[in-house]
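Trainee: predicted model and sequence follow; I will ask about them next.
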Amino acid sequence: MKSPVPDYLDEILRACGDDDGAPADYIPQLAAADPERLAVCVSTVDGHLYASGDADAAYSIQSISKPFVYALALLEHGLDHVLERVGVEPSGEAFDELSLESDSRRPLNPMINAGALTAHALVGEPGDDADARFARIHRLMSDCAGRELDVDEGVCASEMETAYRNLAIANLLRSYDVINQEPLDVVSGYTRQCAVSVTTRDLAMMAATLGSGGRQPMTGKQVLPPEVVRQVLSVMMTCGMYNAAGDWMSTVGFPAKSGVSGGILGVLPGQVGIATFSPRLDAHGNSTRGVRLCTRMSADMGMHIMQAPEPARATVRRDRTLRGPDGSLVRVVSLQGSIQFSGAERVLRIVADGDPVAGFVLDLRRVASTNGVARRMLAELVRRLQLDGTQVALLDPGSFLPLPDDAVVTQPRRLDTLDRYAEHDRV
Ligand SMILES: NC(=O)CC[C@H](N)C(=O)O
């Protein structure tokens, strides 16, 4: 069978309509981009990439570098240090606005140029120059893409020729000691970071790396820690689409970042990385057809992260009370699927509401995954049952729970025996 996913991507490219914006022209080389180029890629978090259109056409990453450089600043200095210098509030302003928070003088967020220049300046050791900072940034972006990325020197030089606005912002930052390097040095490193050349395939892989908690799906390398990725995605969600961020949140509803060369990188955490490319931009500097493609994918594929998921299949698969060989009551609670807070809460509730029993078997054989809070809650259930004098047995071949003190850990060969006895000796 041929997968329908590529057909679907071809279909949405055909249906995404005319491009009614205009390519960015404040960077002379970008104005020369072929405005008809169009691509969409989706990468699963296990590394399968679906592509349609001009997915191998290369362009400069521009502002889509910002989340990765913010990630690097967080990785190197920790959240508190970075938060002292760059905020996390949506600005409601254009990306190139000369603005700082009025009391703290921090840039509002790392997705607008003021914050991105500051994040760029945070990278590396205090005495590092633009080349040294760029080398670290290039390493991280290449690791996220899963290949060595090039730099478009033409775009870099072209943007430096007209970088008046970014120089003004960097001078503003320097005047308030938000950065302590020479403004020109910071702008030149930042401009180079924006000139890293990517294809839409690369962007989808970079997105999938964020989507899988920082693990590059192809190389398997843990490029960023999950806590850093969570912070980056949160800021992308609230600030990634500039002054269209609120509109994007309500209509599309997944964290994303756009760039003036026409790319959009989107992330559905735990599921997929998405990338679109089309150079004509709307008034906010977001790709017009890219926004339409993302809106369509979100609607068709249920990608809005605020859409409540279908209620998971019941966590409690079976709940039986049996009479053991010595006549005492044994309760066997069998769980299934992914256990998170609400699933674990339900287990605690039914046990707390039930009658005391001499023995309790917690059967986790059909559990696919547990998160931290679910593990703590279930371990606490075991502990409290033991405190009440109940003998607890765990069927936990996947080792989801820490071994409770004194608990009986039922061996796999005993599972069948237990099941047989469950079938025949119900009470
Ligand atoms: N929105 C963008 O992609 C802007 C990036 C561009 N290099 C700039 O700093 O102006």
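Mentor: Yes, it's here.

Trainee: which parts of the stretch 151-300 of the chain are strands?
Mentor: Assigned by DSSP state E, counting those that start in this stretch, the strands in the stretch 151-300 of the chain fall at 196-199, 256-258, 263-268, 272-277.

Trainee: direction included, what does the first one pair against?
Mentor: Here strand 196-199 is paired, per DSSP bridges, with strand 58-60 (antiparallel), strand 150-151 (antiparallel).

Trainee: and the shortest one, by the same measure?
Mentor: Here strand 256-258 is paired, per DSSP bridges, with strand 263-268 (antiparallel).

Trainee: domain parsing for this structure?
Mentor: Following automatic domain parsing, one finds the domains of the chain at 4-300, 316-424.

Trainee: picking that back up, Ala244 is nearest to which of the strands paired with strand 196-199?
Mentor: Evaluated over these, closeness to Ala244 peaks at strand 58-60, with 20.7 Å, by C-beta to C-beta. All C-beta atoms are positioned from the backbone trio N, CA, C, and that covers glycine.

Trainee: so Asp150 sits against Val198, correct?
Mentor: No. Shown here, Asp150 and Val198 do not form a contact pair, counting by C-beta atoms under 8 Å, at 9.0 Å.

Trainee: mutual contacts of the two, please.
Mentor: Common neighbours of Asp150 and Val198 (criterion: C-beta atoms under 8 Å, 6 or more residues apart in numbering): Ala58.

Trainee: for the two, work out which one has more neighbours and name it.
Mentor: Val198 (30 against 13; other C-beta atoms under 10 Å).

Trainee: which residue is the nearest non-sequential neighbour of that one?
Mentor: Ile61 (4.9 Å; C-beta to C-beta, 6 or more residues apart in numbering).

Trainee: my guess is Asn166 contacts Tyr190, does it?
Mentor: Yes. If you go by C-beta under 8 Å, Asn166 and Tyr190 touch, sitting 6.8 Å apart.

Trainee: which residues touch whichever residue of the stretch 101-250 of the chain sits closest to the ligand?
Mentor: Relative to the ligand, the nearest point of the stretch 101-250 of the chain is Cys194 (3.5 Å; C-beta to the nearest ligand atom). Applying C-beta under 8 Å, 6+ apart, we find Cys194 in contact with Ser60, Ile61, Gln62, Ser63, Ser65, Val155, Cys156, Glu159, Gly259.

Trainee: if we use 10 Å, what do you get?
Mentor: Applying C-beta atoms under 10 Å, 6 or more residues apart in numbering, we find Cys194 in contact with 27, 60-66, 69, 113, 116, 120, 151-152, 155-156, 159, 166, 259-261.

Trainee: so which of those reach the ligand?
Mentor: Gln62, Ser63, Asn113, Glu159, Asn166, Gly259, Val260 (C-beta under 6 Å from any ligand atom).

Trainee: and of those residues, the nearest to Leu268?
Mentor: Among the ones next to the ligand among the contacts of Cys194, Gly259 lies closest to Leu268 (C-beta to C-beta), at 19.3 Å.

Trainee: once you drop chain neighbours, what's closest to the closest one?
Mentor: Residue nearest to Gly259 in three dimensions, not counting chain neighbours: Gln62, with 3.3 Å by C-beta to C-beta, 6+ apart.

Trainee: next, count neighbours for the one you found.
Mentor: A count of nearby residues for Gln62, using other C-beta under 10 Å, gives 27.

Trainee: my guess is it contacts Gly262. True?
Mentor: Yes. Between Gln62 and Gly262 there is a contact at 8.7 Å, judged by C-beta atoms under 10 Å.

Trainee: what is in contact with those two at once?
Mentor: Ala24, Leu30, Gly285.

Trainee: thought the last one was touching Glu93?
Mentor: No. With contact defined as C-beta under 10 Å, Gly285 and Glu93 do not form a contacting pair (11.6 Å).

Trainee: pick out whichever of the two has more residues nearby.
Mentor: Gly285 (22 against 14).

Trainee: got the contact list for the more buried one?
Mentor: 21, 24, 26, 62-63, 94-96, 241-244, 258-260, 262.

Trainee: now the buried members of the residues you listed.
Mentor: For those, a neighbour count by 16 or more other C-beta atoms under 10 Å gives the buried set as 21, 24, 62-63, 95-96, 241-244, 258-260, 262.

Trainee: tell me the residues of this protein that contact the ligand?
Mentor: Residues of the chain lying near the ligand (C-beta under 6 Å from any ligand atom): Gln62, Ser63, Phe95, Asp96, Asn113, Glu159, Asn166, Cys194, Gly259, Val260, Gly285.

Trainee: ok, now with 5 Å
Mentor: With C-beta under 5 Å from any ligand atom as the criterion, the chain comes near the ligand at residues Gln62, Ser63, Phe95, Cys194, Gly259, Val260.

Trainee: farthest-separated two in those residues?
Mentor: So, these by C-beta to C-beta: farthest apart are Phe95 and Cys194, at 11.4 Å.

Trainee: who touches both of the two?
Mentor: Shared contacts of Phe95 and Cys194, counting by C-beta under 10 Å, 6+ apart, come down to Gln62, Ser63, Lys66, Asn113, Ala116, Gly259, Val260.

Trainee: just give me the neighbour total for the spatially closest residue to Leu203 that is not a sequence neighbour.
Mentor: Among residues not flanking Leu203 along the chain, Ala275 sits closest, at 3.5 Å (C-beta to C-beta, 6+ apart). If you count neighbours by other C-beta under 10 Å, Ala275 ends up with 33.
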